[in-house]
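> Predicted model follows, preceded by the sequence.
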Amino acid sequence: MKPSNQNGFTLVELLVALAVGTIVIAGAYGSYDIVTKQYEKIEDVSAMHTASRSILRMLKRDIQMAGFEWRDSSGVKPFATIGGALLTIVDSENSCCDKITVIYDEENRVTRKTVRVRITYSVATYNDRKRLYRQRDIILPTASARTGVKAVLADYIEDLQFTNPDSGSSNNVGGYVKLDNNGKTLPDSATKWSCVKDNKTGLIWEVKTKSGLHSYLDHFTFRYWRQWGRWWGSDKCLGYPGYPDTTHCTTSAYTGRVNTEGLCGIRNWKLPSKTQLNGIRVINRSPPTIDTNFFPNTNWTRKWWTAPTPGQTKTWLLDFFTGGKWGRDLFDVLHSAVFIRLVSTGDFGQMVAIDLVLRSRYKYEPERLYTKKSYTGGNYNIKVTDAYKRAEYSTLALVRNN
């Protein structure tokens, strides 16, 4: 019997099949890889959106609560009126990020107990990125007072800015506007005014008077000063001629009194930054000066202080008498008290604009230049080239209780 033919695959056929199979598998893997990377990218961007919504929601709620004082069914408040600033913003200038603190009363609906809390939002570097923290301190009642833990709210923060959306500009002479004690605009011809608004920056400046709380003769210390070979604490005052008011000789005590007073309807007065103070001097004169048409009763014979540099033990001063020198160490210059002029970023008793910038967790090629959008508030101008994705988020918060 003749055996049947049993032909197998040739080597060429096997190689062709292997090549085709490899192409199919590579194509399938490539498609899978593309889909996976796109999914991870979408998930990363979605996480940014989710985080931003949560952050803005919490910020908006706390800002809206600023200054809230709880009352029982009879209208009785368990605590004294909140004194000083209800909402405080620390401007980071051209860097990340602003810091905000609010104070309000909070009721626990389960225990029916009320506490006064201080909520602080701040940003700090963590490894190769920045994190947003929220700290909740209990300040009243005294028996329950405690400092809270800084809880992490979000990662990959690029910027957080708080601004006054109502700080528009006008065409007033010199770029300044006179304000009365209620914050209302006055004509340039007004002979009495309490504050001055700088239309270029939106900042509002304290106007000095010849006597009273805002006397141009009063001197202030930041924390300590040196006299007769020893350091004096912040609870001391120099009570000799030239210091007519010794009841608020430290900058913190004075700032608290001005905020309690509500000068020009504002309660967030503070020491100016170096950039802010330098911005009101007339730089084409030597020694430098300021426009006395808007800033009367200015004492030129002593140094003017700024707020300490954030995170450092330094303050800056503008010395009109010696020609406007900047940048001396805090404890090198405090041989005596000096003059100050408080500044406000505007009346946050109505509206606060919140601008947030986040970046992705991972890099996505190609690299590209990122610049913060012009409509995003704040004075930090981000400009960086890398492969991260970034997005801006904004909202407005109404301070109902300020």
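Here it is on my side, so go on. Numbers count the residues shown, from 1 in each chain.

> my guess is Y362 is in a helix, correct?
No. Looking at Y362 with DSSP: H, G, I helix; E, B strand; the rest coil, it is strand, so not inside a helix.

> Report the secondary structure state of the closest residue to it other than its chain neighbours.
Nearest residue to Y362, sequence neighbours excluded (C-beta to C-beta, 6 or more residues apart in numbering): D44, at 5.8 Å. Backbone N, C-alpha and C define where each C-beta goes, glycine included. The three-state label for D44, taken from three-state DSSP, comes out as helix.

> So D44 is in contact with R390, correct?
No. With contact defined as C-beta atoms under 8 Å, D44 does not reach R390; the gap is 11.6 Å.

> ok, now how distant is the residue nearest to Y362 from L356?
17 Å (C-beta to C-beta, to the nearest Å).

> who has more neighbours, these two?
Legend: neighbour count by other C-beta atoms under 10 Å for D44 and L356, higher for L356 (24 against 17).

> List the beta-bridge partners for the more buried one.
Under the criterion DSSP bridges, L356 forms beta bridges with L160, Y393.

> From R134, how far out is it?
L356 sits 14 Å away from R134, going by C-beta to C-beta.

> Let me see the mean pLDDT of stretch 386-402.
Per-residue pLDDT over stretch 386-402 has a mean of 83.

> quick one: buried residues of that stretch?
Using 16 or more other C-beta atoms under 10 Å as the test for burial, stretch 386-402 gives Y388, K389, R390, E392, Y393, S394, T395, A397, V399, N401, N402.

> check contacts around the fifth one.
The one in question is Y393. Taking C-beta atoms under 8 Å, 6 or more residues apart in numbering, we find Y393 in contact with S52, R53, I55, L56, D355, L356, V357, L358.

> Need phi/psi at the closest residue to the fourth one other than its chain neighbours.
Spatially, and ignoring its direct neighbours in sequence, L56 is nearest to T395 (4.8 Å; C-beta to C-beta, 6+ apart). The phi/psi pair for T395 (degrees, to the nearest 10) reads phi -160, psi 170.

> how about T395, what does it touch?
For T395, the contacting residues are L56, L59, K60, A353, I354, by C-beta under 8 Å, 6+ apart.

> Narrow the residues you listed to those in strands?
The members of those that map onto strands under DSSP state E are A353, I354.

> Among the contacts of T395, which one lies nearest to I119?
Closest approach between the contacts of T395 and I119, by C-beta to C-beta: L59, at 9.5 Å.

> how many other residues sit next to the closest residue to the closest one other than its chain neighbours?
Leaving aside its sequence neighbours, L59 sits nearest to I354 (C-beta to C-beta, 6+ apart; 5.6 Å). Burial measure for I354: 23 neighbouring residues, criterion other C-beta under 10 Å.

> E367 contacts V384, correct?
No. The pair E367 and V384 does not pass the contact test of C-beta under 8 Å, sitting 10.0 Å apart.

> Could you export the buried residues of stretch 386-402 as CSV, including distance to I157?
Formatted as CSV, those follow (distance: C-beta to C-beta, whole Å):
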residue, distance to I157
Y388, 13
K389, 14
R390, 11
E392, 12
Y393, 11
S394, 15
T395, 16
A397, 18
V399, 23
N401, 27
N402, 26
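
> count of neighbours near the closest residue to F9 other than its chain neighbours?
Of all residues not flanking F9 in the chain, A17 sits nearest, at 7.7 Å (C-beta to C-beta, 6+ apart). Neighbourhood size, A17 [other C-beta under 10 Å]: 11.

> again, but for R267
Counted with other C-beta under 10 Å, the neighbours of R267 add up to 25.

> ok so, going back, residues in contact with the residue nearest to L59?
I354 makes contacts with L56, L59, K60, I63, L160, Q161, F162, S394, T395, L396, A397, as judged by C-beta under 8 Å, 6+ apart.

> residue contacts, the closest residue to K389 other than its chain neighbours?
Counting by C-beta to C-beta, 6+ apart, K389 lies nearest to S360, which is 4.2 Å off, once chain neighbours are set aside. Neighbouring residues of S360 by C-beta under 8 Å, 6+ apart: K41, D44, V45, M48, Y156, Y388, K389, R390.

> what would those look like in CSV with secondary structure and distance to I23?
Shown next, in CSV, are those (DSSP: H, G, I helix; E, B strand; the rest coil; distance: C-beta to C-beta, whole Å):
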residue, secondary structure, distance to I23
K41, helix, 27
D44, helix, 31
V45, helix, 33
M48, helix, 38
Y156, coil, 40
Y388, strand, 35
K389, strand, 33
R390, strand, 39
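
> would a markdown table of the residues you listed with distance to N127 be doable?
Formatted as a markdown table, those follow (distance: C-beta to C-beta, whole Å):
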| residue | distance to N127 |
| --- | --- |
| K41 | 22 |
| D44 | 18 |
| V45 | 22 |
| M48 | 18 |
| Y156 | 11 |
| Y388 | 15 |
| K389 | 19 |
| R390 | 18 |
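
> Identify, from these, the entry nearest to Y375.
Within the contacts of S360, the smallest distance to Y375 is 14.8 Å, found for R390 (C-beta to C-beta).

> My guess is that closest one contacts L358. True?
Yes. Judged on C-beta under 8 Å, R390 makes contact with L358 at a distance of 6.8 Å.

> Which residues are in contact with each of those two?
Applying C-beta under 8 Å, 6+ apart, one finds that R390 and L358 are jointly contacted by E158.
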